[in-house]
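Colleague: Sequence first, then the predicted structure:
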Amino acid sequence: MTASIPSPLADVLARIVAPGTPALADALQHLLDHKTKPVGSLGRLEPLARQIGGILGTTEPRLEAPQMLLFAADHGLARQGVSAYGQEVSWQMAQNILHGGAAISVLTRQHGIGLTLIDCGIAQPLPAHPQLRSAKVLPDGSADASEQPAMTLPQCLQAIEVGREAVRHAPGNAILLGELGIGNTSAAALLLARLENLPIEDCTGAGTGMHGAAWEHKVAVLRQVLHTHAAVTEPLDVLAALGGLELAAMVGAVLQAALEQRVIVVDGFVTSAAVLVAARLQAQVLGYCVFSHLSHEQGHRLMLQALQASPLLQMDLRLGEGSGAALAWPLLESACRILCEMASFASAGVSTARTAV
């Protein structure tokens, strides 16, 4: 933990505890083992049910009013040509999401998930909208990390507070994380490389479509960024120097959701980078995180290994927006229904397995 963590944030970190209790875990396992099925036959749905029950503190977990919180911001580093798209696409895609035309708009409608877009620093103003929460920390997004820290520490802490505030205002007991911002796969790759001491080329993928010479240029830029900030090693300072406003806000959202003992559904590479930082600040947050999928982005497998996480899906997604989290959502609902609605051998009058002689 970095010595630069101020007392309000340090207090939050100190109050986050591991989900559930050993007695509750035993009770949930007993229920699962006595449902009308062979023990363990529902595979990974069973530990998922056990995890959700532990987070919500009950043997009859019910997911209520799920909320997709989609954090958006621009990155000064995008001006170095690390994306196939220009910075204006962040604003254009934010408009598309609010108008209901993006993939995440479709998926959240399909599954009855609330959607709020939190503008942490998109470089152009967005018109008022019921699904928009304006919380700009910097009007033009983060600074160019190849020239200076992406954020000052006070700006980073302000962005973390934006994420905490978004969770505090969200109804329900489950938060799904989404993100938007041209250049943010570069920021995520930088965080992974620095925090896990990995070669930047292993952490860097195509992002929005950088291949061949374009990918090599992206790697070269990111290598220079790491050199520029070589002395920065503590998690919060690394986040300020290399991350982005939406990444810092997602760190805050993870911390607040864990503090409030809500289920956290993690999307892909960029959201996992925020979880990596949050877990370096307070390891107990991982108990609240359900990792929805393994993305096609090159560094995501390394990110999940660092987090010791097993994703639910592998569909070669690399869109972001929270799309993988929304796609995995029905699995969480099914896990809860198995606990709450599936009969036991005793209640159904079904014979249990014979004991082997």
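Modeller: Sure thing, it's come through.
Colleague: only C-alpha atoms for contact and neighbour calcs from this point on.
Modeller: OK.
Colleague: how about the worst-scoring helix or strand of the chain on mean pLDDT: buried residues?
Modeller: The weakest-scoring helix or strand in the chain, judged by mean pLDDT, DSSP states H and E, is helix 345-348 (a mean of 87). Residues of helix 345-348 classed as buried: residue 345 (neighbour count, 16 or more other CA atoms under 10 Å).
Colleague: chain center to it: distance?
Modeller: Put simply, helix 345-348 sits 39 Å off its chain's centre (CA atoms, centre = their mean, to the nearest Å).
Colleague: quick one: contacts of it?
Modeller: Contact partners of helix 345-348, identified using CA atoms under 8 Å, 6 or more residues apart in numbering, comprise 34, 35, 36, 351, 352.
Colleague: What lies in contact with the top helix by length along the chain?
Modeller: Longest among the helix segments of the chain by residue count, using DSSP state H, is helix 323-341. Around helix 323-341, the neighbours that count as contacts under CA under 8 Å, 6+ apart are 31-32, 45-46, 48-49, 52-53, 59-63, 103-104, 107-108, 111, 113, 176-178, 265-268, 291-293, 312-313, 317.
Colleague: and those residues, which of them are in helices?
Modeller: Using DSSP H, the contacts of helix 323-341 in helices are 31-32, 45-46, 48-49, 52-53, 103-104, 107-108, 111.
Colleague: Highest neighbour count among the residues you listed?
Modeller: Among those, the one with the most neighbours (other CA atoms under 10 Å) is residue 52, at 31 neighbours.
Colleague: Quick one: residues contacting that residue.
Modeller: 61, 263, 332, 336.
Colleague: what about the chain, any weak spots by pLDDT?
Modeller: The model of the chain has pLDDT under 70 over residues 1-4, 208, 353-357.
Colleague: Domain map for it?
Modeller: Residue ranges for the domains of the chain, per automatic domain parsing: 7-62+338-348, 67-329.
Colleague: quick one: the longest one to chain centroid distance?
Modeller: Using CA atoms, centre = their mean, the distance from the centre of domain 67-329 to the centre of the chain it belongs to is 7 Å.
Colleague: do the first one as well
Modeller: Mean-position distance between domain 7-62+338-348 and its chain equals 21 Å (CA atoms, centre = their mean).
Colleague: Quote the end-to-end distance of that domain.
Modeller: 54 Å (CA to CA, to the nearest Å).
Colleague: mind listing what's buried in the longest helix of the chain?
Modeller: Neighbour-count burial for helix 323-341 flags 323-329, 331-333, 335-339 (criterion: 16+ other CA under 10 Å).
Colleague: Stretch 98-118 too?
Modeller: 98, 102-105, 107-108, 113-118.
Colleague: Same list (those residues) but as JSON lines, adding distance to residue 194.
Modeller: Output for the buried residues of stretch 98-118, formatted as JSON lines (distance: CA to CA, whole Å):
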{"residue": "98", "distance to residue 194": "34"}
{"residue": "102", "distance to residue 194": "32"}
{"residue": "103", "distance to residue 194": "32"}
{"residue": "104", "distance to residue 194": "30"}
{"residue": "105", "distance to residue 194": "33"}
{"residue": "107", "distance to residue 194": "34"}
{"residue": "108", "distance to residue 194": "34"}
{"residue": "113", "distance to residue 194": "34"}
{"residue": "114", "distance to residue 194": "34"}
{"residue": "115", "distance to residue 194": "32"}
{"residue": "116", "distance to residue 194": "31"}
{"residue": "117", "distance to residue 194": "29"}
{"residue": "118", "distance to residue 194": "27"}
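Colleague: Contacts only, for residue 174.
Modeller: Contacts of residue 174 by CA under 8 Å, 6+ apart are 63, 64, 65, 66, 67, 262, 263, 264, 265.
Colleague: Name the surrounding residues that touch stretch 207-215.
Modeller: With CA under 8 Å, 6+ apart, stretch 207-215 has contacts from 82, 83, 84, 85, 185, 186, 205, 206, 218, 297, 318.
Colleague: Repeat that for stretch 265-272.
Modeller: By CA under 8 Å, 6+ apart, stretch 265-272 touches 174-179, 184-185, 188, 247, 250, 289-295, 297, 299-300, 303-304, 318, 320, 322-325.
Colleague: swap the cut-off to 7 Å and go again
Modeller: 175-179, 184-185, 188, 289-295, 297, 300, 303, 320, 322-325 (CA atoms under 7 Å, 6 or more residues apart in numbering).
Colleague: How about stretch 38-47?
Modeller: The contact list for stretch 38-47, computed with CA under 7 Å, 6+ apart, reads 32, 33, 335.
Colleague: do stretch 183-196 as well
Modeller: 75, 77-78, 82-83, 199-200, 203-204, 207, 222, 238, 242-244, 270, 273, 299, 303.
Colleague: Give the buried residues for that stretch.
Modeller: 183-195.
Colleague: Report the contact partners of residue 292.
Modeller: Residue 292 neighbours (CA under 7 Å, 6+ apart): 265, 266, 267, 311, 312, 313, 324, 325, 328.
Colleague: and the gap between it and residue 102?
Modeller: When distance is defined by CA to CA, residue 292 is 19 Å away from residue 102.
Colleague: Equivalent analysis for residue 56, please.
Modeller: Distance from residue 56 to residue 102, by CA to CA: 31 Å.
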